[in-house]
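Q: quick one: sequence and predicted model below, then my questions.
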Amino acid sequence: MKQKKSKVVSYNKWGYIFLIPFTVTYIIFSLIPLITTVYNSFFENYRSGLTQIGPNFVGLANFQALLSNGDLVKYFGNTMIMWVLGFVPQILLSLLLGAWFSDPQLRLKAAGFFKSVIYLPNLIMASAFAMLFFTLFSDTGPINSILIKIGIGQVRFMTNVWTVRGLVAFMNLLMWFGNTTILLMAGMLGIDTSLFEAAQVDGATSTDVFFKITLPLLRPILVYVMITSLIGGLQMFDVPQILTNGSGDPMRSSMTLIMFLNKHLFSKNYGMGGALSVLMFFITGILSLIVFKMTNTKVE
């Protein structure tokens, strides 16, 4: 008995040893910055010209300033609008492609090649995507040159609220629909094929099978995709930042929460930056919980 217990203790020891690299990395790069951010949110700490103001403890004054200012609500609305504009067509397209690629009856040729192709945009840097679209849709870009030649005339894409938002949403769609398709397709391939065969024997159509078998059983993957996409949407930064040169124009209609945060960090206003980060943490948690509760229904 003593020998068996010592072996168990030895195995447990090695388990804890293997956890040390992760624990150390998490503490240094995640836990300490998180605690520091929360700590800074209660202080007045910024530069005014060459003068350093603070750090002075101000309690909840930073939070009150952010919540009383309408900018936070405006930028949150911008972020959610652009996320929804990109996510809705993304999830619909990914569901369609996932159903096609996972359906053995279709017998699609070169399916592996097409799976690789639709994932390729995910490997391109967002900054490169944004620069490409800025060049294409600028006032003197190729798109306007084509529109002028065919008689439509010049369209100033970068000065219209909805064209800028649409471009940001379209870029996010192109970059992420391949990753979403792979995730949904993996979930579809994990469904027991006998369920589909039984449904076909009972006379169910492809539409019935998709909505009454595939979608309900795919719910855990859909919840994961929706929550991770929501978190990514709230962290939207590089595409609108480069496309609008950090201004969020026109009329700050494409300014996101992270772009707003970046302005505080760039001006070295660490107190307001910390407060905004804490508010975003709670906003992300609340929205993720709402999505989880709305989609976490039992499959009968």
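A: That came through fine.

Q: every contact and neighbour count from this point should use C-alpha atoms.
A: Will do.

Q: right, and the helix or strand after the longest helix that the chain contains?
A: Criterion DSSP state H: the longest helix present in the chain is helix 71-102. Sequence order places helix 111-119 as the next helix or strand after helix 71-102, per DSSP states H and E.

Q: run the chain-centre distance for that next one.
A: Here helix 111-119 is found 22 Å from its chain centre; the criterion is Cα atoms, centre = their mean, to the nearest Å.

Q: what's the helix or strand that that helix is followed by packed up against?
A: Downstream of helix 111-119, the next assigned helix or strand under DSSP H and E is helix 126-137. Under the contact definition 3 or more Cα pairs under 8 Å, 6 or more residues apart in numbering; DSSP states H and E, helix 126-137 sits against helix 142-149, helix 161-189, helix 238-243.

Q: burial of Tyr270, as a residue count?
A: The number of residues packed near Tyr270 is 23, by other Cα atoms under 10 Å.

Q: over to the one 4 residues further on?
A: When neighbours are counted by other Cα under 10 Å, Gly274 registers 25.

Q: contact partners for it?
A: Thr37, Val38, Tyr39, Asn40, Ser41 (Cα atoms under 8 Å, 6 or more residues apart in numbering).

Q: need the contact partners of stretch 40-58.
A: The contact list for stretch 40-58 (Cα under 8 Å, 6+ apart) reads 59-63, 267-276, 278.

Q: if we use 6 Å, what do you get?
A: Gly59, Lys268, Asn269, Tyr270, Gly271, Gly274, Ala275 (Cα atoms under 6 Å, 6 or more residues apart in numbering).

Q: select from the residues you listed the one having the most neighbours.
A: Neighbour count (other Cα under 10 Å) singles out Gly271 as the most crowded of the contacts of stretch 40-58, with 29 neighbours.

Q: excluding sequence neighbours, find me the nearest residue to that one.
A: Spatial nearest neighbour of Gly271, chain neighbours left out: Ser41 (4.7 Å); criterion: Cα to Cα, 6 or more residues apart in numbering.

Q: try Pro89
A: Spatial nearest neighbour of Pro89, chain neighbours left out: Leu173 (7.4 Å); criterion: Cα to Cα, 6+ apart.

Q: great, nothing more from me.
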